[in-house]
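Asks: What would the 3D arrangement of this be:
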Amino acid sequence: MQLSGLDVAGNGPTLSAEHRLMVDTRGPIFVSIGPGAEQKQPTTQVTVTLMLKDATAGLNASRVWYRYSTVSESDMRTKAWSLVPVVEQGGVFQGSVGLDLARGKGNFVQFRAQDLLFNANESKVSVIWVNQLPAAVLADPKPGLEFKEEERVLLNATGSSDPDGDALNYTWYGENVTEPLGYGRTLLTKLPVGVYNVTLVVKDTDGAEATAKVQVTVVRLPPPKTQVSSDTAMLVLLLIAVLVASMAAGYYATRRKNQ
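Replies: Numbering: from 1, shown residues only. From the prediction side, this is the model:
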């Protein structure tokens, strides 16, 4: 742009130097939003951070908002905007908001900001992934199954899984929850005679865990049968015969006497 003007006496025109004017129609720029979609969060309490700037008109720090949903993106778009406090550091504004999210990948967050000329801009929708709980499944032993003492009991967690694909750790407990029976997807162990509530604890790499329980009964073995030798048997029979003969002789002697 260049200006032209005359003085009061009509002298001129005189041209000014050229000036370049810029009209700002763009809203603030979102530099980053975290955590990213592939950064799995260990718990449902998640702090979402953002960085944004506006090098032209300048960001209106009191006009930054967020909205979110743990249901769906379309549900998020029905939510009201809430303010996010931001502070400036070296020309870049930073802010954060703590959210209570759901487990899984169904969490959607979006930000909106306005500059000093009232130009607004919305961020892309961010998806936040929260660690899901594993599933503990007891394949063996089956409920109600009895074992004999000294018999090894198979503890089998085949079927346990993690929806996020994490590796799992398996710990088995008896009645004493501080002293594990052992570790592993399967375990062979012996238990004393009695009734036990065996607990399987399955834990993923983020520390989330699930449990399953089964009652195990261990019964005592019946006492061994006594083997009687043939000589002992003959002696017992002879003693019985002598006893019977003696009783019979006494009976007849008493009968004769009474006659």
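
Asks: show me the contacts for the most centrally placed residue in the chain.
Replies: Among the residues of the chain, the smallest C-alpha distance to the mean C-alpha position (CA atoms, centre = their mean) belongs to Leu133, namely 2.5 Å. Taking CB atoms under 8 Å, 6 or more residues apart in numbering as the contact definition, Leu133 lies against 103, 163, 204, 208-210. For glycine as for every other residue, the C-beta is placed from the backbone atoms N, C-alpha and C.

Asks: mind redoing it with 6 Å?
Replies: By CB atoms under 6 Å, 6 or more residues apart in numbering, the residues touching Leu133 are 208, 210.

Asks: Please tell me how far it sits from Trp81.
Replies: As defined by CB to CB, to the nearest Å, Leu133 lies at a distance of 32 Å from Trp81.

Asks: ok, what's across the strand from Ala212?
Replies: Leu200 (DSSP bridges).

Asks: who's in contact with it?
Replies: 136, 138, 200.

Asks: Tell me, how many residues neighbour the last one?
Replies: As a burial measure, the neighbour count of Leu200 was computed by other CB atoms under 10 Å and equals 22.

Asks: thought Val64 was touching Pro85?
Replies: No: counting by CB atoms under 6 Å, Val64 stays clear of Pro85, with 8.0 Å between them.

Asks: Who has more neighbours out of the two?
Replies: Each of Val64 and Pro85 has its neighbours counted (other CB under 10 Å); Val64 has more, 22 against 11.

Asks: What does the pLDDT read for the more buried one?
Replies: In this model, Val64 is scored at 98, pLDDT.

Asks: and the gap between it and Pro134?
Replies: Distance of Val64 to Pro134, computed by CB to CB: 38 Å.

Asks: Can you tell me the SS state at Val236?
Replies: helix (DSSP: H, G, I helix; E, B strand; the rest coil).

Asks: try the one 5 residues further on
Replies: Taking three-state DSSP as the rule, one finds Ala241 in the helix state.

Asks: quick one, phi psi at the nearest residue to Leu101 once chain neighbours are set aside?
Replies: Ranked by CB to CB, 6 or more residues apart in numbering and with sequence neighbours excluded, the top spatial neighbour of Leu101 is Asn107, at 4.4 Å. Here the main-chain torsion angles of Asn107 (degrees, to the nearest 10) amount to phi -110, psi 130.

Asks: check contacts around Asn107.
Replies: Counting by CB under 6 Å, 6+ apart, the residues that Asn107 touches are 70, 101, 128.

Asks: Outline the domain layout of this structure.
Replies: Here the domain assignment for the chain is 4-130, 146-219, based on automatic domain parsing.

Asks: would JSON lines of these with distance to Leu238 be doable?
Replies: Below are those laid out as JSON lines (distance: least, CB to CB, whole Å):
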{"stretch": "domain 4-130", "distance to Leu238": "83"}
{"stretch": "domain 146-219", "distance to Leu238": "40"}
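
Asks: quick one, strands of the stretch 1-150 of the chain?
Replies: Secondary structure of the stretch 1-150 of the chain (DSSP state E, counting those that start in this stretch): strands at 4-5, 14-15, 29-34, 45-53, 59-69, 82-83, 86-89, 92-100, 104-115, 120-122, 126-130, 146-148.

Asks: can I get these in JSON lines with distance to Ala241?
Replies: Below are those laid out as JSON lines (distance: least, CB to CB, whole Å):
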{"stretch": "strand 4-5", "distance to Ala241": "153"}
{"stretch": "strand 14-15", "distance to Ala241": "152"}
{"stretch": "strand 29-34", "distance to Ala241": "100"}
{"stretch": "strand 45-53", "distance to Ala241": "90"}
{"stretch": "strand 59-69", "distance to Ala241": "97"}
{"stretch": "strand 82-83", "distance to Ala241": "105"}
{"stretch": "strand 86-89", "distance to Ala241": "111"}
{"stretch": "strand 92-100", "distance to Ala241": "92"}
{"stretch": "strand 104-115", "distance to Ala241": "86"}
{"stretch": "strand 120-122", "distance to Ala241": "111"}
{"stretch": "strand 126-130", "distance to Ala241": "88"}
{"stretch": "strand 146-148", "distance to Ala241": "42"}
